[in-house]
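Q: Sequence and predicted model, in that order:
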Amino acid sequence: MTLRERLARATGPGEGRRGDWDFPGNEIEAPAALTPAAVLIGVVTHDRPTILLTRRTDTLRRHAGQIAFPGGRIDPGDADPTAAALREAHEEVALPPHAVDVIGMTDTYSTGTGYHIVPVIGLIAPNLPLVPAAGEVASIFEVPLDFVLDPVNHQLRQSEWQGRLRSYYVISWETHEIWGATAAMIVNLSRRLA
């Protein structure tokens, strides 16, 4: 089975975690209104495939310093979540939309900070000249796909957030700690592919 065929199995609605509040013991509630957003789960087609991630700058008002997929809110001019994910990836890391072989969308995920995220899966050729957007993206890096999909690397942690107990996933790789919504979307993808 090719990588494309394997990833295509993960598209469409699924049974994964649907939001930050969808963890046993979480004391947080879904926000009343959610902003539509989309991210690109970019799978780089090395011999050992990787996923493309960014670290947000420390100066951002929201989610500063966090590890994230390229993406953001869906604008009125975006035709659909795929168009939004490709636009955001172009803005954040200079990834040309035509350089992404879009496979489809996978389990949506909603955050306690008010976003309803549609993850779009796409294949990307290796060694593209990506450039982080100044003021928004501190760095761009790749993590082996087999590593992030392995349930052994999915840690469930708890901490207090806004005065309430919160459970969330963490995936630690080298010096990077992938957590929260990004880690949850990876865990959902892992379960879809299992």
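A: Nice, thanks for sending it over.
Q: next helix or strand past the least confident helix or strand in the chain by mean pLDDT?
A: Least confident helix or strand, the chain: strand 155-161 with a mean of 81, by mean pLDDT, DSSP states H and E. Downstream of strand 155-161, the next assigned helix or strand under DSSP states H and E is strand 164-173.
Q: Tell me which strands that following strand pairs with, and in which orientation.
A: Strand 164-173 has its sheet partners listed here by DSSP bridges as strand 155-161 (antiparallel), strand 176-179 (antiparallel).
Q: Of those, which is nearest V44?
A: With C-beta to C-beta as the measure, strand 176-179 is the member of the strands paired with strand 164-173 nearest V44 (15.7 Å). For glycine as for every other residue, the C-beta is placed from the backbone atoms N, C-alpha and C.
Q: circling back to that earlier point, redo the strands paired with strand 164-173 as CSV? Include mean neighbour count and distance to N127.
A: Below are these laid out as CSV (neighbours: other C-beta atoms under 10 Å; distance: least, C-beta to C-beta, whole Å):
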stretch, mean neighbour count, distance to N127
strand 155-161, 12, 31
strand 176-179, 18, 21
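Q: Using a markdown table, lay out those strands together with distance to S110.
A: Formatted as a markdown table, the strands paired with strand 164-173 follow (distance: least, C-beta to C-beta, whole Å):
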| stretch | distance to S110 |
| --- | --- |
| strand 155-161 | 15 |
| strand 176-179 | 16 |
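Q: Mind checking those for the one nearest to I121?
A: Between I121 and the strands paired with strand 164-173, the tightest spacing by C-beta to C-beta is seen for strand 176-179, at 16.8 Å.
Q: so how far is that closest one off the chain centroid?
A: Here strand 176-179 is found 11 Å from its chain centre; the criterion is C-alpha atoms, centre = their mean, to the nearest Å.
Q: which residues touch it?
A: Contact with strand 176-179 is made by 53, 55, 66-67, 141, 143, 148, 157, 168-172, 186, as judged by C-beta atoms under 8 Å, 6 or more residues apart in numbering.
Q: re earlier: let me know which of the strands paired with strand 164-173 is the nearest to P132.
A: For the strands paired with strand 164-173, proximity to P132 was assessed by C-beta to C-beta; strand 176-179 is nearest, at 14.8 Å.
Q: Verify the stated contact: V44 with I140.
A: No. With contact defined as C-beta atoms under 8 Å, V44 does not reach I140; the gap is 10.8 Å.
Q: So for these two, which residues contact both of them?
A: Shared contacts of V44 and I140 (C-beta under 8 Å, 6+ apart): L52.
Q: and the direction of the helix or strand hosting R55 versus that of strand 164-173, what angle?
A: R55 is part of strand 50-56, with elements assigned from DSSP H and E. Calculated by axes from the mean of the first three to the mean of the last three C-alpha atoms, to 10 degrees, strand 50-56 forms an angle of 130 degrees with strand 164-173.
Q: what's in contact with strand 50-56?
A: Strand 50-56 has contacts (C-beta under 8 Å, 6+ apart) with 40-44, 63-70, 92-93, 95, 124, 130, 132, 136-145, 148, 176, 178, 182, 186.
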